[in-house]
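# Provided below are the primary sequence and the corresponding predicted coordinates.
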Amino acid sequence: MSLEKVQQTNPENSQEQQEKTIEQQANYEGNHSLLLFERIQNPDVFNKLVNDIYEDRTSVDFSSYDYIDPEYVKSFERDEYFVKQDIKIELQQALDTTSKATEIGFSKNGYLNSSKGGSGIGYVEIRSSDSKNQCNETTLNKNITEAHEKGHTIRDYNTDSGFTKNLRSAFDFEKVSFSEKEYNEIRGLKNGYENDSNDEIQKGFSEYLSFPWEIVERMSQVKNYFGMSGVEEFT
């Protein structure tokens, strides 16, 4: 399926939807993955993404690495135009691949589970019929998760680049907190926090949420929530 076809088959891609106010678009119920593809295909958004990835990759201090492929480093010494052309091709190929399929698995855990997937197209688990619906997940929950993972397959960032430092500076991760009920729910998910204290859980989640790829995809989720299909901005 071509990306052009994906865009055309999105039932929410209409003039009426585009003319709605942000408040009216909240709780978007269309397909979040198709909305993600549509937004990234917007020429202004796509070019901004290319520039961001270029800034990210060219602002890494490779001298701190134990080893890095010399040819990879040398590739950034070329003219900016050619480096960005390679990034454009890479992004387009990622969009083409991830828009065609999603890996599906079956879980007995009873809670949302997902990843980029072995094929790099996004992986989402469907709750088995004999497991409890621990998170009250819905078809929309799964679609939101799918779109998040597909975003990871399209774009990635370095943890130690100048771009990432600037991105992180816009957030205060010390504000991440949970209620006592939420702490206990996190322990009950059996995802590595079973025996951790509240402080350990908070520290773990703060570090996790500070990864650049998580910041970007969670902001993308917010845009999907409001039905943003292009260059709309939060005001």
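Right, received. Where do you want to start?
# So for residue 134, what's the pLDDT?
Residue 134 is assigned 58 on the pLDDT scale.
# now the helices for the protein?
3-8, 15-19, 22-25, 32-41, 43-58, 70-75, 80-98, 139-154, 162-168, 180-188, 198-209, 212-225 (DSSP state H).
# I'd like to know which of these lies nearest to residue 125.
Minimum separation from residue 125 across the helices of the chain (C-beta to C-beta) falls at helix 139-154, 8.5 Å. For glycine as for every other residue, the C-beta is placed from the backbone atoms N, C-alpha and C.
# want to throw the helices of the chain into TSV with mean neighbour count and mean pLDDT?
TSV is the format used below for the helices of the chain (neighbours: other C-beta atoms under 10 Å; pLDDT from 0 to 100):
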stretch	mean neighbour count	mean pLDDT
helix 3-8	13	45
helix 15-19	10	57
helix 22-25	12	66
helix 32-41	22	95
helix 43-58	16	97
helix 70-75	10	93
helix 80-98	15	95
helix 139-154	20	88
helix 162-168	16	96
helix 180-188	13	89
helix 198-209	14	93
helix 212-225	17	95
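# Turn those into CSV, columns for distance to residue 115.
Listed next are the helices of the chain as CSV, based on distance: least, C-beta to C-beta, whole Å:
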stretch, distance to residue 115
helix 3-8, 22
helix 15-19, 31
helix 22-25, 29
helix 32-41, 15
helix 43-58, 21
helix 70-75, 25
helix 80-98, 13
helix 139-154, 6
helix 162-168, 21
helix 180-188, 18
helix 198-209, 14
helix 212-225, 12
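# Report the contact partners of residue 183.
Contacts here follow C-beta atoms under 8 Å, 6 or more residues apart in numbering; on that basis residue 183 touches 198, 201.
# Distance of it relative to residue 156?
Residue 183 is 31 Å from residue 156, where distance means C-beta to C-beta, to the nearest Å.
# Could you do residue 95 as well?
14 Å.
# Also residue 45?
According to C-beta to C-beta, residue 45 and residue 156 sit 17 Å apart.
# And residue 165, by the same measure?
On the measure of C-beta to C-beta, residue 165 and residue 156 end up 17 Å apart.
# Isn't residue 46 up against residue 37?
No - under the criterion of C-beta atoms under 8 Å, residue 46 is not in contact with residue 37, lying 11.0 Å apart.
# quick one: the nearest residue in space to residue 26 that is not next to it in sequence and residue 220, what's the gap?
Nearest residue to residue 26, sequence neighbours excluded (C-beta to C-beta, 6 or more residues apart in numbering): residue 226, at 5.7 Å. Distance, residue 226 to residue 220, by C-beta to C-beta: 11 Å.
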